[in-house]
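# below are the sequence and a predicted model for it; my questions follow.
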Amino acid sequence: MVRFATLGFLSSAAAAKGQNQMKTIGMLGGMSWESTSTYYRAVNEGIKEALGGLHSAKISMVSVDFDELEKLQHADDWNSIAVILSTAARNVQAGGADFLMICTNTMHRVAPQIEAAVTIPLLHIADATAQQLLKDGIRRVGLLGTRFTMEQDFYKARLEEEFHIEVLIPELEDRDLVHEVIYQELCLSKIEASSRSSYLQIIEKLSARGAEAVILGCTEIALLVQQNLTSVPLYDTTTIHAEQAVVRALSK
């Protein structure tokens, strides 16, 4: 269950009128479908918690075939990925979405191209995460994710340059392990105790290097490690992103 603690600002009057005021959340999913299902549940639970009764989220969603995109990722063909996802994003907008979520961290690598393809605003996952980190007073974080997210600048540089948050990533061998577990296990719905143990050790290493918290910067990682398993504060980007989508859907 996802807890939406920040939604308490909604008054009973706003809740009573929420169905008429609710915006339609645009979701670009399927990367992987396992994490997209978590998104879908999270936004619906958030709307229900805020408004009560039989309320559920208004959603326009397109779910792509991740197998095709994964091959393009590892072939370093981000231009083709941008074309596919831009087309999908336009279809999300055509379905009535008021704003767009890319339901994955890694595919924010082509966020600028996707933003250029639509006229609705993008709720960027790194921005939502950074805002929560700053709210909590966190200035130095560890980052776990795919190799693309950990090593390329589209995510790290955004945190560092726009939000002045220092980002630490695992050593090379640990980055390889984190990446392989995501693609070979988590995206295939495999949860292995040995991989959980390895991830927890990597989290501890980042903490020992000075990380005040660790970003679970791949939407599947929360399937493997949860806060009750470590004393290091964890920031689950899926939960944070979904929570911000609920807030935006219910805002004026």
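Noted; the coordinates are in hand.
# now N44: how far from L51?
Separation of N44 from L51 (Cβ to Cβ, to the nearest Å): 11 Å. Yep, even glycine has a C-beta here, placed from its N, CA and C like the rest.
# need the pLDDT of T237.
At T237, the model reports a pLDDT of 94.
# what is the neighbour count of it?
Number of residues near T237 (other Cβ atoms under 10 Å) recorded here: 26.
# just the helices in the stretch 151-252 of the chain please.
Shown for the stretch 151-252 of the chain, the helices assigned by DSSP state H, counting those that start in this stretch span residues 153-157, 163, 172-184, 193-208, 237-250.
# A242 touches G46, doesn't it?
Yes. If you go by Cβ atoms under 8 Å, A242 and G46 touch, sitting 6.4 Å apart.
# return the most buried member of the helices of the stretch 151-252 of the chain.
Most buried of the helices of the stretch 151-252 of the chain by mean neighbour count (mean count of other Cβ atoms under 10 Å) is helix 237-250; its value is a mean of 23.
# give me the helices and strands touching that helix, please.
Secondary-structure packing of helix 237-250 (3 or more Cβ pairs under 8 Å, 6 or more residues apart in numbering; DSSP states H and E): strand 25-29, helix 33-51, strand 99-102, helix 125-135, strand 213-216.
# could I get that helix in PDB with only the CA atoms?
Written as PDB, here are the backbone C-alpha positions of helix 237-250 (Å, rounded to 0.1, in the frame of the first residue of the first chain):
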ATOM      1  CA  THR A 237      10.800   7.500  -7.200                       C
ATOM      2  CA  THR A 238       7.600   5.600  -8.200                       C
ATOM      3  CA  THR A 239       5.800   6.500  -5.000                       C
ATOM      4  CA  ILE A 240       7.000  10.100  -5.100                       C
ATOM      5  CA  HIS A 241       6.100  10.500  -8.800                       C
ATOM      6  CA  ALA A 242       2.700   9.000  -8.300                       C
ATOM      7  CA  GLU A 243       2.000  11.200  -5.200                       C
ATOM      8  CA  GLN A 244       2.900  14.400  -7.100                       C
ATOM      9  CA  ALA A 245       0.600  13.300  -9.900                       C
ATOM     10  CA  VAL A 246      -2.300  12.900  -7.400                       C
ATOM     11  CA  VAL A 247      -1.500  16.400  -6.000                       C
ATOM     12  CA  ARG A 248      -1.500  17.900  -9.500                       C
ATOM     13  CA  ALA A 249      -4.700  16.100 -10.600                       C
ATOM     14  CA  LEU A 250      -6.500  17.600  -7.600                       C
END
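# specify the angle between it and strand 25-29 in degrees.
150 degrees (axes from the mean of the first three to the mean of the last three Cα atoms, to 10 degrees).
# rewinding a little: looking at N44 and L51, which is more packed in?
Using other Cβ under 10 Å as the criterion, N44 and L51 rank with L51 on top: 22 against 18.
# pLDDT score assigned to the more buried one?
95.
# how does this structure divide into domains?
Using automatic domain parsing, the domain parsing of the chain gives 5-124+240-250, 126-237.
# which of the ones you listed has the lowest average pLDDT?
Among the domains of the chain, domain 5-124+240-250 scores lowest, at a mean of 90.
# contact partners for D98?
For D98, the contact set (Cβ atoms under 8 Å, 6 or more residues apart in numbering) comprises 23-26, 120, 249.
# just among those, which is most surrounded?
That'd be G26 among the contacts of D98, by other Cβ under 10 Å, with 29 neighbours.
# hang on, isn't that one packed against M61?
Yes. Using Cβ under 8 Å, G26 is in contact with M61, at 7.5 Å.
# tell me how far L122 lies from S37.
Distance of L122 to S37, computed by Cβ to Cβ: 22 Å.
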